[in-house]
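*Asks:* structure for this input, please:
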Amino acid sequence: FTIENMKEIRQVIINGNLEDALSLCPRQGYRGVLASQGHLLRAETLFGRGDYKEAGCSILECREMSEIEEGSDLASMWILGGKIFHALGIPLHAELWLRRGIRMGKGDNKEDKVMFQKIRTKRMYEPLTKNLPITVEFGRHGKGILSKNSYDDNVELMTELPLVSAITLSTEKHPACQHCAKSLLSVKDYFGADRMKKMTSRERQLVNRAWPSINTVTCSHCEMECYCSVGCRYEAWDNYHCLLCPSGNPAAEKLFQLCLKGEPVTHGYWRDVFSPMMIAKMIAQIMTTAKRLCIKRSMKEPDCAIWGEAKAPYRQFIAYGTKGVTEWACDMVTLMTEIFSNTSVLGFSYPMTSTEFQGRYYQIACNCQAFADPNPPIREFVEKLKTEGNFDKLSHLITTEPPEASFGGLFPVHSCFNHSCDNSVEVYDQLVDGRPGISVRTRKPVRQGDELYLAYIDTTIPRVRRRLWLYMGYNFFCECLRCRFEGDDSSSCTHCGAKVSDKQKTHSVNNNDETKNASCDSQLTNNIDEKSPQSFQGCSECKRAWYCSKSCQTKNWKKGHKLVCKMKHSCTSSPVNEVLNDSKRIEILANVMARMKAMETND
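*Replies:* Residues are numbered from 1 along each chain as shown. This next block holds a predicted model:
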């Protein structure tokens, strides 16, 4: 078998004569000169014919010979092998072979990278969505969720429990089970001691009788965490608290104290709404899973295979972000390193590096979903009063919002929803198997095959702030329908981009036949403060678009503004509205805003 033979076979394959090409290839078992290249051509020919089993045998022979033969085309071998194993329905092998081929330099082909991601996505999510009316696929925006059928609005598509969760810093002091998120709000928590004293004896009797029984259980070792049941306490201990309990890991006490402060900004440690306890719980769960695998396999310490298996459930949470987390959270990195270097509990430590911390941080920052107990004690209390006919007797006492705990959680399937300010689904709190979780429902009719979108942030905030926070938090520039046909402010024309500084102040535009029946009022109104006389006049209906002329308004209306002018906003509430007194973040946002405006100008 010679180089001339290889060239001849390659030309025959290009001409599409696969039968002739196969007859020219070296037979199975050949161990002579250029054996690996010959078996590679044979595997390629068999793969083209659809004879995947024989192709698999040939690619394995090619791999065997490539180990002893210099000059083998290893990258092409791994890529082809990945495609063959994918065709044979062996996704894990397909992933491994494709990954090696891509890393060896022939991965410049975008199709190979896309195939790898599609195989990986299908392997990871098909078992999770098997009985759901949705499917997870890899597309132009990365992972996305598609509808298997057509549905009307307000149809429940899925429910899910979090893989890891922790109470948010702003509600840290509110009573709730630290494991399952069930509310532990008591009568005294809601009414307070003073209000209870001011009640009549009859009112107190009715209140105590109607309020549901609250069972609070604390950790028997440290009392730093409380739970709704002994079962939750045992689960928490087995999954993560055995590593985080200050009684066995003194370094963890400082983490608990930082969280109990309930402050989203602590210099050197933290500056976010979700709790750093989520990172700690994630790492602790990885370690306890690794310990169980070690026991099962009679090993003292986890090897690479065990670590890989323990980390696998968390690989599906994609992380995006800029570098710098470990700079402003340098003290937190040090604290986490100290916590997980403790070997007294499991007999081994966890290699918490700056890179590891940053990756876990962005996994949570990009995928965290807020949720709470959908059936807190106050709701049960009110419903029981109404059932017994006593609500009117106590309605004057139920005047304040209850101090309910809010949790942040990572939900595997939910994390695959992409964003749109014109979202098609909403997330609601719901009990799942008796525990607080989430439900995803349609907010408008969807068709079979449509990609389903969530709103990551509150869509009622101005476009410029939405885009800034999406860019900062998720590393993308939103180009949804709402963002394309709304403006930032009255200083520029939403349609043509003209600046108000380049034109004189516009006057009210009279109605004409083109927009006479438009729901977006054609009479533009100036909603800008009189102190700023230089401003374009805006749409009087939505007040989110501004125009330099009647012509621009008409063109923008026809092009798409008519679709978003009266579009309903998402009910999503977002940490975007939390005020963080962080001058550095404000400076970053200002720089991003300038960059985004420059991008729009260039477009």
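*Asks:* where in the protein is pLDDT low?
*Replies:* The chain contains residues with pLDDT under 70 at 1-2, 26, 28-34, 67-73, 105-108, 322-323, 502-534, 572-603.
*Asks:* geometric centre of it: which residue is closest?
*Replies:* N367 (2.6 Å; Cα atoms, centre = their mean).
*Asks:* quick one: contacts for it?
*Replies:* F317, I318, L410, F411, S415 (Cβ atoms under 8 Å, 6 or more residues apart in numbering). Using the backbone N, CA and C atoms, a C-beta is placed for each residue, glycine as well.
*Asks:* got it, and V446?
*Replies:* Counting by Cβ under 8 Å, 6+ apart, V446 touches S147, S150, Y151, S424, V425, L452.
*Asks:* neighbours around the fifth one, how many?
*Replies:* Neighbour count of V425, defined by other Cβ atoms under 10 Å: 27.
*Asks:* which residues does it bridge with?
*Replies:* Beta-bridge partners of V425, counted by DSSP bridges, are T442.
*Asks:* surely W307 and L293 touch.
*Replies:* No. Look at W307 against L293 with Cβ atoms under 8 Å: they stay out of range, at 9.2 Å.
*Asks:* look up how far S213 lies from T459.
*Replies:* 40 Å (Cβ to Cβ, to the nearest Å).
*Asks:* which of the two has more neighbours?
*Replies:* Using other Cβ under 10 Å, the more surrounded residue of T459 and S213 is T459, with 23 against 6.
*Asks:* show the contacting residues for that one.
*Replies:* T459 makes contact with C421, N423, R466, R482, H569, S570, T572, according to Cβ under 8 Å, 6+ apart.
*Asks:* what about R435, how many neighbours?
*Replies:* When neighbours are defined as other Cβ under 10 Å, R435 has 17 of them.
*Asks:* what does the one 5 residues further on give?
*Replies:* For V440, the neighbour count with other Cβ under 10 Å is 24.
*Asks:* that one looks like it's in a strand, true?
*Replies:* Yes. Counting by DSSP: H, G, I helix; E, B strand; the rest coil, V440 falls inside a strand.
*Asks:* residues of stretch 130-142 that come out buried?
*Replies:* Going by neighbour count (16 or more other Cβ atoms under 10 Å), the buried part of stretch 130-142 is L132, I134, T135, V136, E137, F138.
*Asks:* could I get those residues as CSV with secondary structure?
*Replies:* Compiled in CSV, those are given as follows (three-state DSSP):
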residue, secondary structure
L132, coil
I134, strand
T135, strand
V136, strand
E137, strand
F138, strand
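*Asks:* out of these, who's nearest M104?
*Replies:* Closest to M104 out of the buried residues of stretch 130-142 is F138 (22.1 Å), distances taken as Cβ to Cβ.
*Asks:* quick check, the closest one in contact with Q117.
*Replies:* Yes. The pair F138 / Q117 is scored as a contact, 4.5 Å apart, by Cβ under 8 Å.
*Asks:* from the contacts of N367, which is closest to G38?
*Replies:* Using Cβ to Cβ, those come closest to G38 at I318, 40.8 Å.
*Asks:* what's the offset of stretch 254-271 from the middle of its chain?
*Replies:* Relative to the centre of its chain, stretch 254-271 is centred 23 Å away, using Cα atoms, centre = their mean, to the nearest Å.
*Asks:* what about that stretch, start to end distance?
*Replies:* Length of stretch 254-271, first residue to last, Cα to Cα, to the nearest Å: 17 Å.
*Asks:* contacts for that stretch, please.
*Replies:* By Cβ under 8 Å, 6+ apart, stretch 254-271 touches 169-173, 224, 244, 246, 272-273, 275-277, 280, 328-332, 335-336, 339, 578, 580-582, 585.
*Asks:* picking that back up, what's the residue nearest to the centre of the chain sitting at in phi/psi?
*Replies:* phi -130, psi 0 (degrees, to the nearest 10).
*Asks:* cool, and K444?
*Replies:* phi -160, psi 160.
*Asks:* sorry, back to before: can I get the contacts of T459 in a markdown table with neighbour count?
*Replies:* Shown next, in a markdown table, are those (neighbours: other Cβ atoms under 10 Å):
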| residue | neighbour count |
| --- | --- |
| C421 | 29 |
| N423 | 25 |
| R466 | 25 |
| R482 | 23 |
| H569 | 14 |
| S570 | 23 |
| T572 | 18 |
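*Asks:* run the chain-centre distance for the helix or strand harbouring T159.
*Replies:* Assigned by DSSP states H and E, T159 belongs to strand 156-160. Centroid displacement of strand 156-160 relative to its chain, using Cα atoms, centre = their mean, is 16 Å.
*Asks:* neighbouring strands of it in the sheet, and parallel or not?
*Replies:* By DSSP bridges, strand 156-160 pairs with strand 435-442 (antiparallel).
*Asks:* name the residues of the partner strand that are buried.
*Replies:* R435, P436, G437, I438, S439, V440, R441, T442.
*Asks:* for the residues you listed, which one is nearest A35?
*Replies:* Of these, the one sitting nearest to A35 (Cβ to Cβ) turns out to be V440, at 54.1 Å.
*Asks:* and the gap between that closest one and G231?
*Replies:* Going from V440 to G231 by Cβ to Cβ gives 27 Å.
*Asks:* next: A176.
*Replies:* From A176 to G231 the distance is 16 Å (Cβ to Cβ).
*Asks:* likewise N239?
*Replies:* 12 Å.
*Asks:* who has more neighbours out of the two?
*Replies:* Using other Cβ under 10 Å as the criterion, N239 and G231 rank with N239 on top: 16 against 12.
*Asks:* OK, contacts around that one?
*Replies:* N239 touches A284, Q285, T288, counting by Cβ under 8 Å, 6+ apart.
*Asks:* please apply the same query to K384.
*Replies:* So K384 contacts A210, P212 (Cβ under 8 Å, 6+ apart).
*Asks:* doesn't it belong to a strand?
*Replies:* No. Applying three-state DSSP, one finds K384 to be helix, outside a strand.
*Asks:* please report how far R484 lies from S406.
*Replies:* Applying Cβ to Cβ to R484 and S406 gives a distance of 33 Å.
*Asks:* compare these two (neighbour count), which wins?
*Replies:* Legend: neighbour count by other Cβ under 10 Å for R484 and S406, higher for S406 (21 against 18).
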